[in-house]
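S.K.: Here's a sequence, model it:
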Amino acid sequence: MRTQRSRGERGFTLIEVLVAAVLLAVAVGALLSNLSVSTGNLFRTSDIDRLTFLSKRKMDELLSVQNLPRGGVIEGALQMDAAQKRATAGYRALILTASPMGQTTREQLERVRLETWIESGNRRRTMQLESYRMVRVP
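M.R.: Presented below is the predicted three-dimensional model:
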């Protein structure tokens, strides 16, 4: 037998509560999935920013050194801060003699190609830079 509710007795039925719980679960699930995607994008952007900084710093260092081995390859690890130790980074540089600047000058144009990489977990990001510099030939 069904009893009627009086005006003072208000509430939700069991069906209404279950529907609300399902809607809330779907909304929370969607938010958590978006959060994990955003976190992954943040780490990827952080690695790219770190690699850009390390690449520019290494290129500046190579351009400032006077006696680089012409036609040779220089390889090594990139130095990272203590906060960045979860990743490893390295470089490979190739120094090429482009051309003499003239018959009477003792200057040559060198091309410096630099490839850098950073590994974080199972991801590897690479970047390539190229620059020219003027050197005096002995």
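
S.K.: alpha carbons only for contacts and neighbour counts from here, please
M.R.: Fine.

S.K.: Contact partners for the spatially most central residue of the chain?
M.R.: In the chain, the C-alpha nearest the mean C-alpha coordinate belongs to Ile48, at 1.9 Å (CA atoms, centre = their mean). Taking CA atoms under 8 Å, 6 or more residues apart in numbering, we find Ile48 in contact with Arg125.

S.K.: May I ask which helix or strand encompasses it?
M.R.: Per DSSP states H and E, Ile48 falls inside helix 14-64.

S.K.: Residues in contact with the helix or strand following that helix: which ones?
M.R.: The helix or strand immediately downstream of helix 14-64 is strand 73-77, counting by DSSP H and E. Here strand 73-77 makes contact (CA under 8 Å, 6+ apart) with 88-95.

S.K.: any chance of the residues you listed in CSV, plus secondary structure and pLDDT?
M.R.: Output for those, formatted as CSV (DSSP: H, G, I helix; E, B strand; the rest coil; pLDDT from 0 to 100):
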residue, secondary structure, pLDDT
Thr88, strand, 85
Ala89, strand, 88
Gly90, strand, 92
Tyr91, strand, 94
Arg92, strand, 95
Ala93, strand, 94
Leu94, strand, 92
Ile95, strand, 88
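
S.K.: Return the member of these nearest to Lys58.
M.R.: Nearest to Lys58 among these, counting by CA to CA, is Tyr91 at 8.3 Å.

S.K.: Identify the spatial nearest neighbour of that closest one, chain neighbours not counted.
M.R.: Nearest non-adjacent residue to Tyr91, counting by CA to CA, 6 or more residues apart in numbering: Thr116, 4.3 Å away.
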